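Peer 1: below are the sequence and a predicted model for it; my questions follow.
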Number of protein chains: 2
Amino acid sequence: MLKAIMSSGFHLAKGSPKPTLPEDGLLRLFSMRFCPYAQRAHLVLNAKNIKYHTVYINLTEKPEWLVDYSALLKVPALQLPGEKGQPSLIESLVIAEYLDEKYPQNPLLPKDPLKKAQDKILVECFSGITGAFMKILTQNANIEEFWVALDIFEQEITKRGTPYFGGDKPGFVDYMIWPWLERLPVLEFATKESYSFDEKRFANVSKLIKLLKEDAVVKSFYATPEQHLEFWRTRKAGKANYDLLASL
Amino acid sequence: MLKAIMSSGFHLAKGSPKPTLPEDGLLRLFSMRFCPYAQRAHLVLNAKNIKYHTVYINLTEKPEWLVDYSALLKVPALQLPGEKGQPSLIESLVIAEYLDEKYPQNPLLPKDPLKKAQDKILVECFSGITGAFMKILTQNANIEEFWVALDIFEQEITKRGTPYFGGDKPGFVDYMIWPWLERLPVLEFATKESYSFDEKRFANVSKLIKLLKEDAVVKSFYATPEQHLEFWRTRKAGKANYDLLASL
């Protein structure tokens, strides 16, 4: 399943020479190992069994040439060497939808325009969760805001009556929200005793988390709670250890 | 062109009885006459010559039943009476893409997945403009931030070498950004002497604005600079005059 032709896994920083584009025509993903948005792109690429190169970027000291691939200096950026001008795409959701249209294998979004729109609205609503997540970690905001945002997802998966948002297997919504579910232990660490994941309130989301942890695609780009915590600690201390997993 | 089966044009507020769903099966748009996001939905519906009902909403004193159509109490919300459960869609870009997929006439987004993704990224970048717009109006931010965000659009339309972002006629990008271009006079009013639209710096965007002002779809849901200004003045004074155009 792990089809990424990995770079060494080390993150390139300011002053690094610009990496040569291999001549194999494979897609090239500019990423950061602990970025949840970049993780979305890895998950979709892996779900579709697409071979690709990864260039990891140090987001504290960005390489000068990053702008050539990502005008807004963000990751993920996906370079398409087979297209005229070898352009790059940015924005995790745009990348995910592009890949889903261009590579029909293992489709993630429903074909029906209404169902598709409803999945996209649900992922837009997830910004309530990503926003609360960052506010808790950076401004010590109250965790209840996070749970209230998660209520929508518990209600929706209950309404759908399927193990995954995508039905009997993970789909677009599942992979787009997973990176934050994987980071719940960071939230627990940050909020200490005020954290309590209510397994009754989030009965079906709990089941989903357990299922996704066993999913081959999720496993193909997974970091343990300890690894996420260690990255978060180093980041908070102003010395983000991007290369934490590079030697693994 | 103006195919909306208009409500009276008056905005329904708290305490208003819930409007009955007509039995004609037409789409129903929940809107606010001066909301730029809602305007996007009107433009797409009109561009596709789709007949629809409009229910205008007073966003200061929201009707109690708005939640039945828009969980986050935002406009636009588009109700689909022909679908099971008569669901509503929210988020202007999701609504636009849904309509473009469901109603193939006068396609707005390119069919090619790469070109489509590039148009969507461009509209995502437009959030730099909408963000700057609000910061200027509500926090007296410096207008230069707005012009810097607009530079991207000048560069891109110049690169495309076509009169519209959509080519020889307006497309997705053109209609999605138009509502803010229509409101430039509000910016001028708010920033007074520090406002200066540089027709050299924005040569091709200037041409685009002139062309779009003459476009039948844009005209089908247009408000004059004076009308926008009057709405803005009343809104700033805490008494938004939603019904400014209701008797026209």
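Peer 2: Arrived safely, thanks for sending. Numbering: from 1, shown residues only, chains lettered A, B, ... in the order given.
Peer 1: what strand or helix carries the residue nearest to A:Pro22 when sequence neighbours are not counted?
Peer 2: Closest residue to A:Pro22 apart from its sequence neighbours, by CB to CB, 6 or more residues apart in numbering or on different chains: A:His53 at 6.3 Å. C-beta here means a position set from N, CA and C on the backbone, and glycine is covered the same way. Using DSSP states H and E, A:His53 maps to strand A:52-56.
Peer 1: now do A:Leu89
Peer 2: For A:Leu89, the host element (DSSP H and E) is strand A:88-90.
Peer 1: is any residue of stretch A:77-91 near chain B?
Peer 2: Yes - applying CB under 8 Å from any CB of the partner chain, one finds stretch A:77-91 touching chain B at A:80, A:83, A:87, A:89-91.
Peer 1: compare those residues and tell me which has the most neighbours.
Peer 2: Note: the member of the residues of stretch A:77-91 next to chain B with the most neighbours is A:Leu89, at 26 neighbours, neighbours being other CB atoms under 10 Å in any protein chain shown.
Peer 1: so which elements touch the lengthiest helix in chain A?
Peer 2: Criterion DSSP state H: the longest helix present in chain A is helix A:144-160. Secondary-structure packing of helix A:144-160 (3 or more CB pairs under 8 Å, 6 or more residues apart in numbering or on different chains; DSSP states H and E): helix A:113-125, helix A:127-139, helix A:203-213.
Peer 1: CSV please, covering those helices and showing mean neighbour count, distance to chain B and mean pLDDT.
Peer 2: Below are these laid out as CSV (neighbours: other CB atoms under 10 Å in any protein chain shown; distance: least, CB to the nearest CB, whole Å; pLDDT from 0 to 100):
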stretch, mean neighbour count, distance to chain B, mean pLDDT
helix A:113-125, 19, 4, 96
helix A:127-139, 16, 9, 89
helix A:203-213, 16, 18, 98
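Peer 1: adding distance to A:Glu61, write these out as CSV.
Peer 2: CSV is the format used below for the helices and strands packed on helix A:144-160 (distance: least, CB to CB, whole Å):
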stretch, distance to A:Glu61
helix A:113-125, 31
helix A:127-139, 20
helix A:203-213, 33
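Peer 1: and the nearest residue to A:Trp65 once chain neighbours are set aside, how many neighbours?
Peer 2: Closest residue to A:Trp65 apart from its sequence neighbours, by CB to CB, 6+ apart: A:Lys18 at 4.2 Å. Using other CB under 10 Å, A:Lys18 has 13 neighbouring residues.
Peer 1: next: the one 10 residues further on.
Peer 2: If you count neighbours by other CB under 10 Å, A:Arg28 ends up with 22.
Peer 1: what of the one 3 residues further on?
Peer 2: Summarising burial for A:Ser31: neighbours were counted as other CB under 10 Å, giving 25.
Peer 1: do I have it right that A:Glu145 meets A:Gln139?
Peer 2: No - in this structure, A:Glu145 is not within contact of A:Gln139 by CB atoms under 8 Å, at 11.0 Å.
Peer 1: which secondary structure state does A:Phe30 sit in?
Peer 2: strand (DSSP: H, G, I helix; E, B strand; the rest coil).
Peer 1: can I see the domain layout of chain A?
Peer 2: Residue ranges for the domains of chain A, per automatic domain parsing: A:4-107, A:113-214.
Peer 1: kindly check the end-to-end length of the shortest one for me.
Peer 2: The reference is to domain A:113-214. From its first residue to its last, domain A:113-214 covers 30 Å (CA to CA, to the nearest Å).
Peer 1: quick one: that domain to chain centroid distance?
Peer 2: 13 Å (CA atoms, centre = their mean, to the nearest Å).
Peer 1: and A:Lys102, what is it in contact with?
Peer 2: B:113-114 (CB atoms under 8 Å, 6 or more residues apart in numbering or on different chains).
Peer 1: rerun at 6 Å
Peer 2: Residues near A:Lys102 by CB atoms under 6 Å, 6 or more residues apart in numbering or on different chains: B:Pro113.
Peer 1: still on that earlier bit, just the CA coordinates of the longest helix of chain A, formatted as CSV?
Peer 2: Provided in CSV are the C-alpha atoms of helix A:144-160 (Å, rounded to 0.1, in the frame of the first residue of the first chain):
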residue,chain,number,x,y,z
GLU,A,144,-16.2,22.3,24.8
GLU,A,145,-16.2,24.2,21.5
PHE,A,146,-14.4,21.3,20.0
TRP,A,147,-16.9,18.7,21.2
VAL,A,148,-19.9,20.9,20.0
ALA,A,149,-18.3,20.9,16.5
LEU,A,150,-17.8,17.1,16.7
ASP,A,151,-21.5,16.7,17.6
ILE,A,152,-22.4,17.4,14.0
PHE,A,153,-20.3,14.5,12.8
GLU,A,154,-21.8,12.1,15.4
GLN,A,155,-25.3,13.1,14.3
GLU,A,156,-24.4,12.8,10.6
ILE,A,157,-22.7,9.4,10.8
THR,A,158,-25.6,8.1,13.0
LYS,A,159,-28.1,9.4,10.4
ARG,A,160,-26.2,7.7,7.6
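Peer 1: tell me the secondary structure at the closest residue to A:Val123 other than its chain neighbours.
Peer 2: Distance criterion CB to CB, 6+ apart; nearest residue to A:Val123, sequence neighbours excluded, is A:Met176 at 4.8 Å. Per three-state DSSP, the secondary structure class of A:Met176 is helix.
Peer 1: ok, now A:Asn142?
Peer 2: coil.
Peer 1: before we move on, the earlier item: the residue nearest to A:Pro22: neighbour count?
Peer 2: A:His53: 19 neighbours (other CB under 10 Å).
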